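[1] model the following, please.
(one chain, ligands or ions: 1)
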Amino acid sequence: MLKIECPFCGNRNETEFSCGGEAHIARPLAENKITDLAFSEYLFMRDNPKGVFLERWCHTSGCRRWFNMARDTVSHEIIEIYAMGQKPKTAIGKKAFLSNWRRKSKAETASTPIKRTAK
Ligand SMILES: [Zn+2]
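    Numbers count the residues shown, from 1 in each chain. Predicted coordinates for the structure are as follows:
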């Protein structure tokens, strides 16, 4: 059983938490037109790596708040816990974030607003 350090409640058993799947999946903005294939990749494609994985977790039987975790899926070592909306700070976490195929996907590129010039 994992012991997970909730950033709000402290150290708790894994049974109090729910894993929300892969972290850092940015939704494409409606103003950015992408193909159905690119949108389906955003919607359905999830990584399942052997090694370091960035996940979202919720303390469902506690404070019910969400946070991110960098965890090794082989050893179950928790490398880092960090807040929603932030990126990993450890070198291993940063490497996992940057090496993810999603960073170069059309859906993620379309998640930032179009730059408009003032008239
Ligand atoms: Zn908590």
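
[2] quick one: least confident helix or strand in this structure?
    helix 106-109 (a mean of 89; mean pLDDT, DSSP states H and E).

[3] list the contacts of the residue nearest to the spatial centre of the chain.
    Centroid check for the chain by C-alpha atoms, centre = their mean gives Ala23 as the closest residue, at 1.0 Å. Ala23 sits next to Leu54, Glu55, Arg56, Asn68, Met69 when contact means C-beta atoms under 8 Å, 6 or more residues apart in numbering. (C-beta placed from N, C-alpha, C; glycine too.)

[4] that one and Ala38: what is the separation?
    Computed as C-beta to C-beta, to the nearest Å, the Ala23 to Ala38 distance reads 20 Å.

[5] got it, and Glu22?
    From Glu22 to Ala38 the distance is 17 Å (C-beta to C-beta).

[6] mind listing the helices for this structure?
    Using DSSP state H, the helices of the chain run over 36-44, 91-99, 106-109.

[7] can you tell which of those is closest to Asn11?
    The closest of the helices of the chain to Asn11 is helix 91-99. By C-beta to C-beta, the value is 20.0 Å.

[8] who are the packing partners of that closest one?
    Under the contact criterion of 3 or more C-beta pairs under 8 Å, 6 or more residues apart in numbering; DSSP states H and E, helix 91-99 touches strand 52-58, strand 66-72, strand 78-82.
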